[in-house]
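[1] whatever this is, show me its structure:
(chains A, B and C)
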Amino acid sequence: MAGDVILATSDVTMRFGGLAAVTDLSLAVRRGTIAGLIGPNGAGKTTCFNMITGFYKPTTGTIVFDGQEVTGLPPHKVCKAGIARTFQNIRLFGNETVLENVMIGRHLRQKTSWIDAVLFTPGYLREDKAMRAHCLELLAAVGLADAADEKASSLAYGAQRRLEIARALATEPSFLLLDEPAAGMNPQESEDLMGFVRTIRQDFDLTILLIEHDMKVVMGICEHIWVLDYGVTIAEGAPEAIRRDPKVILAYLGEEGGLHA
Amino acid sequence: MNSATFIQHMLNSLTLGSLYALVAIGYTMVYGILRLINFAHSEMFMLGAYFVFWGITLANLPWPVAMVIAIVVTATLGIVVDQVAYRPLRDAPRISALISSIGVSFFLQNVAIVFFQAIPREVYRPQWLEDPIIMGGVRVLPLTLFVPLLSLALMLGLIWIVYRTKAGLGMRAISKDIETSYLMGVPVNRIIALTFGIGSALAAASGIMWALRYPQLQPIMGTIPGFKAFIAAVFGGIGSIQGAVIGGLALGFIEIMTVAFFPDLAGYRDAFAFVLLIAVLMFKPTGLLGERLEDKV
Amino acid sequence: MRRGQTVILNLVAVAALGGFLWLAEGNFDGYKIQILNLIAINIILALSLNLIYGFTGLFSLGHAGFMAIGAYICSILIMSPDQKDMLFLLEPAYDWVQNAHAPFLVAVLAGGLVAAAIGALVGFPLLRLGDDYLGIATLGFAEIIRVLANNFPRLTNGALGFKGIPDYANLWWNFGWCVVTLYVIVRLLKSNTGNVLKAIRDDEAAARAMGVNVFRYKLLSFTVGAFFAGVGGALLASLLTTIDPKMFLFTLTFNILMIVVAGGLGSLSGTVMAGIGITVLLEWLRVVENPVDLFGYELPGVPGMRMVVFSLALIMIILFRREGLMGMRELHWQSLFKVFSRGRA
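    Numbers count the residues shown, from 1 in each chain, chains lettered A, B, ... in the order given. Below is the predicted model of the structure:
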């Protein structure tokens, strides 16, 4: 299953003012794997995502994706290079329909422009039709085909998460970042999600990096895990090794202990 | 240019600058707390001036009494405007309150046209402000000393309120974080009202002195100085009172001196401020003393 | 409903509009025709502002500036050289201003194109600014245009402005442009580009994560909006036959903003309805400013009352019906049919 390294961050550090949110992060995600990024709240996981996707420019360090350096590229260029993401606090285009949300993800691969739309050129009509069909297929893949014309904000929570993934898939990524995909799900839904993530990895030829708090999900689908605490990588390895790592246990217990104190 | 003329230009800059600064303070305080550009603020400037005019001509009040009453009435009006037109929109998208404030601005301006008519009116000004005094060989208009001094006094009063009173502490707390201030038991609504009151009072004071300096009243007299004062606030760093003062003085200085040294540019005077605004927003959007507001992802 | 049916219905609607205009031309008095003309121009202006603000989320207060550009360019082109010779009293016009002459269609297009070019030029620095800063900066842009118009007498005849601009802008031109504007903006918004613009409005960060070059699309929307604002300004100049810098005060932008907010930010059909309603309202409100003869008693007119009522209406809309008439909804043929069939049932 595991291939070459598709995403590598070398000694990436992000400082906000005097505060280091992430220190010397070095990830090496192998092609075709599902990897996890875990750690207590405030460990800097989402900051990592924001650096990889170009929302933050790392203070130091480099990020290389598929042989191309993407450090400091603006988000839309990172996306064009093949990295797509979802957000922790679902960020759909709420006023648009479900289908339109996916079409927006598709615009990157679109060749005709709005001027063709004004002029009703045959090329535009053809592409528009093909694009709609493709997006409907994507919606079918995430089980939302019936909801295509509904307003995105009217969907149930779980469906919104799946729509966000469909929208990300529309950009034709080779690398997908999922920020807490199982948040707010019950055990049954989390179980379904695990199957779903495996399926899309297979069907869309993806490498997936996810942030997740639900340990059952993380241990269930991730092949490799990095653990962050206060921005520092305290452990990495296969799920079994992580589960037994005393430093990881301490980091999580520390958080629990804090709650009890 | 000889030194006497230069000193006169300096005094003129200081006068104009302090008038901008007083208005800019109101913009910056409201923006600091509510993130609202209060378009109606410039009408407080205009109404303050008209209220004095009314007090003197209709009620025969002595000039200083009319001024105090006008400031109090305008401050009250500022609070009423907030309560009626902005407070119901606290939870709405930010732009709604902005549009509401544009509406209020046009409303007050046109109410003024209805009541006072659009024609410009002459303003009475006390003789002692007009008789030039000779200081070290320089002819000085007492007005150009009176305006900066009174402005300075008002600003010191404001600084005392903001940094030495409990209400001022509340203001600073709200501008840092309004949600937490609520939770900490800061009487947020009362303090917002106070902020509008103080801002409007300063704008009224500025408008009154403006009417003395450029002795004419018009319902649209607030618009251009209002924009410029807002720009001064942005220039100084919106949200910062010191920034507003520095920005106001700087703008007054730029306007007077540019026209003094390059008389050909006089026709463009009203555009200076906007060019400055666009330049500031391009190169240092936080202004001289402002804090950066990060967008959260 | 199939696309073919919609196309037919749209054509029928345009034909009906044509028929109405033909009847109006023959039967209405000059005052009513003037109101119809203003309706068409206001709709053009409001649609273009709605594209920028309602659909892309760019709070722009610079419409009067683009209108001024369109108005001046168009007027210079349609006035004859002889006319300009008489007009430029302060200082003689530049040679190219003096000699430029073009048919009305070209002149209006030129007005729009120059407005669009300048829109793109100022959009470049300004569109990096956030909402309310953008508002104040575009307002500043419009003011600068006005100050420039005052200070370039060889181009604009300074504060005197232009008089006797040929009155080509009749019902057919105005409504023709109105239909073109509506068509282009509808097609733009229905294309995937329209989806992208709305995505930027709804959540800019998410749009960027989806690969949207946000700045490029903002610039596109701003430029297209500026083009139609320029066209509207050009038509207005020819309709009113006089222009001067004072005409392009912030009040003008305010009136357009009012139509957009009242109709619904993000609703084209709302804009059309509000454009009709508010233009009529504004004309009707002139009554309160003129003296009224009531059973032999003369009631004096109250200057300023019109804008008092008008601004009060805006405040009321924002306070009590923030989404305006239509919100983000649109009126389709389908929804119309539904209303009718329900009425029959």
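[2] work out the gap between whichever helix or strand C:Ile144 is part of and the centre of the chain.
    Under the criterion of DSSP states H and E, C:Ile144 resides in helix C:131-151. Put simply, helix C:131-151 sits 17 Å off its chain's centre (CA atoms, centre = their mean, to the nearest Å).
[3] for it, name the packing helices and strands.
    Counting contacts by 3 or more CB pairs under 8 Å, 6 or more residues apart in numbering or on different chains; DSSP states H and E, helix C:131-151 is packed against helix B:94-116, helix B:223-236, helix B:269-283, helix C:63-78, helix C:104-126, helix C:153-156, helix C:250-263. Heads up, the C-betas are built off the backbone N, CA and C, glycines and all.
[4] and the second one with helix B:94-116, angle?
    Calculated by axes from the mean of the first three to the mean of the last three CA atoms, to 10 degrees, helix B:223-236 forms an angle of 150 degrees with helix B:94-116.
[5] can you give me the angle helix B:223-236 makes with helix C:131-151?
    130 degrees.
[6] give me the buried positions along helix B:223-236.
    By 16 or more other CB atoms under 10 Å in any protein chain shown, the buried positions in helix B:223-236 come out as B:223, B:225-236.
[7] so what does the very next helix or strand once past it touch, helix or strand wise?
    Going down the chain from helix B:223-236, the next helix or strand is helix B:241-261, by DSSP H and E. With contacts taken as 3+ CB pairs under 8 Å, 6+ apart, helix B:241-261 sits against helix B:3-34, helix B:142-164, helix B:223-236, helix B:269-283.
[8] buried residues in the longest one, which are they?
    It refers to helix B:3-34. Neighbour-count burial for helix B:3-34 [16+ other CB under 10 Å]: B:7-9, B:11-34.
[9] touching chain C at all, that helix?
    No - remark: helix B:3-34 sits outside contact range of chain C, by CB under 8 Å from any CB of the partner chain, the gap being at least 8.8 Å.
[10] and chain A, which of the buried residues of helix B:3-34 reach it?
    Okay, of the buried residues of helix B:3-34, nothing touches chain A (CB under 8 Å from any CB).
[11] low-confidence stretches in the stretch 1-150 of chain C?
    C:1 (pLDDT under 70).
[12] contact residues of it facing chain B?
    C:59, C:125-126, C:128-129, C:131-133, C:135-137, C:139-141, C:143-144, C:147-148, C:150.
[13] so among those, which ones count as buried?
    Of these, these count as buried by 16+ other CB under 10 Å: C:59, C:126, C:129, C:131-133, C:135-137, C:139-141, C:143-144, C:147-148, C:150.
[14] just give me the neighbour total for residue 156.
    No chain specified, so I'll use chain A. As a burial measure, A:Ala156 scores 9 neighbours (other CB atoms under 10 Å in any protein chain shown).
[15] try again with chain B
    10.
[16] what about it, distance to chain C?
    29 Å (CB to the nearest CB, to the nearest Å).
[17] tell me how many other residues crowd residue 89.
    By default, I'm working from chain A. 9.
[18] switch to chain B, please.
    Counted with other CB under 10 Å, B:Leu89 comes out at 21.
[19] and if you look at B:Thr286?
    17.
[20] quick check: closest non-adjacent residue to B:His16.
    That one is not His; residue B:16 is Leu. B:Gly252 (3.7 Å; CB to CB, 6 or more residues apart in numbering or on different chains).
[21] returning to what we had before: alpha carbons only: can I get the helix holding C:Ile144 in CSV?
    These are the backbone C-alpha positions of helix C:131-151, laid out as CSV (Å, rounded to 0.1, in the frame of the first residue of the first chain):
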residue,chain,number,x,y,z
ASP,C,131,-15.8,45.4,3.8
ASP,C,132,-16.2,48.7,5.5
TYR,C,133,-12.7,49.9,4.6
LEU,C,134,-13.5,49.1,1.0
GLY,C,135,-16.7,51.1,1.4
ILE,C,136,-14.9,54.2,2.6
ALA,C,137,-12.1,53.9,0.1
THR,C,138,-14.4,53.6,-2.9
LEU,C,139,-16.4,56.5,-1.5
GLY,C,140,-13.1,58.3,-1.5
PHE,C,141,-12.5,57.3,-5.1
ALA,C,142,-15.8,58.8,-6.1
GLU,C,143,-15.0,62.0,-4.3
ILE,C,144,-11.6,62.2,-6.0
ILE,C,145,-13.3,61.8,-9.4
ARG,C,146,-15.6,64.7,-8.5
VAL,C,147,-12.7,66.9,-7.4
LEU,C,148,-10.9,66.0,-10.7
ALA,C,149,-14.0,66.9,-12.7
ASN,C,150,-14.0,70.3,-11.0
ASN,C,151,-10.3,70.9,-11.7
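[22] next, the angle from that helix to helix C:104-126.
    Using the same axes, to 10 degrees: helix C:131-151 against helix C:104-126 is 130 degrees.
[23] for chain A, what's the nearest residue on the stretch 201-345 of chain C?
    C:Gly211 (3.5 Å; CB to the nearest CB).
[24] near chain C, which residues of the stretch 1-150 of chain B? Just list them.
    B:35, B:37, B:85, B:88-89, B:92, B:94-96, B:98-100, B:102-107, B:109-114, B:117-118.
[25] which of these are buried, as a PyMOL select command?
    In PyMOL, this line selects whichever of the residues of the stretch 1-150 of chain B next to chain C come out buried by 16+ other CB under 10 Å:
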select buried, chain B and resi 35+37+85+88+89+94+95+96+98+99+100+102+103+104+105+106+107+109+110+111+112+113+114
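[26] okay, now the spatially closest residue to C:Ala102 that is not a sequence neighbour: neighbour count?
    Distance criterion CB to CB, 6+ apart; nearest residue to C:Ala102, sequence neighbours excluded, is C:Leu77 at 4.3 Å. Using other CB under 10 Å, C:Leu77 is surrounded by 20 other residues.
[27] what of A:Arg162?
    23.
[28] run through who's touching the helix or strand encompassing A:Leu177.
    Taking DSSP H and E as the definition, A:Leu177 sits inside strand A:175-179. Residues outside strand A:175-179 that contact it (CB atoms under 8 Å, 6 or more residues apart in numbering or on different chains): A:6-7, A:29, A:45-46, A:49, A:52-53, A:65-66, A:82-88, A:165, A:168-169, A:197, A:200, A:206-212.
[29] only C-alpha atoms, please: export the helix or strand following it in CSV.
    Sequence order places helix A:187-204 as the next helix or strand after strand A:175-179, per DSSP H and E. What follows is helix A:187-204 as a C-alpha-only set of coordinates in CSV (Å, rounded to 0.1, in the frame of the first residue of the first chain):
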residue,chain,number,x,y,z
PRO,A,187,-20.5,5.8,17.3
GLN,A,188,-22.6,4.4,14.5
GLU,A,189,-22.0,7.4,12.3
SER,A,190,-18.2,7.4,13.1
GLU,A,191,-18.2,3.7,12.1
ASP,A,192,-19.8,4.6,8.7
LEU,A,193,-17.4,7.5,8.3
MET,A,194,-14.4,5.2,8.6
GLY,A,195,-15.7,3.0,5.8
PHE,A,196,-16.5,6.1,3.8
VAL,A,197,-13.0,7.6,4.1
ARG,A,198,-11.5,4.2,3.1
THR,A,199,-13.8,4.1,0.1
ILE,A,200,-12.9,7.6,-1.2
ARG,A,201,-9.3,6.9,-0.7
GLN,A,202,-9.7,3.9,-3.0
ASP,A,203,-12.1,5.4,-5.5
PHE,A,204,-10.3,8.8,-5.9
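[30] contact residues of the stretch 1-150 of chain A facing chain C?
    Going by CB under 8 Å from any CB, the residues of the stretch 1-150 of chain A near chain C are A:53, A:55, A:74-76, A:79-80, A:84-85, A:87, A:91-96, A:100-101, A:103-108, A:110, A:113-114, A:116-118, A:124, A:128, A:131.
[31] residues in contact with the residue in the stretch 51-200 of chain A positioned nearest to chain B?
    As assessed by CB to the nearest CB, chain B sits closest to A:Phe55 within the stretch 51-200 of chain A, at 4.8 Å. By CB under 8 Å, 6+ apart, the contact list for A:Phe55 reads A:75, B:297, C:205, C:208-209.
[32] fine by me, thanks again.
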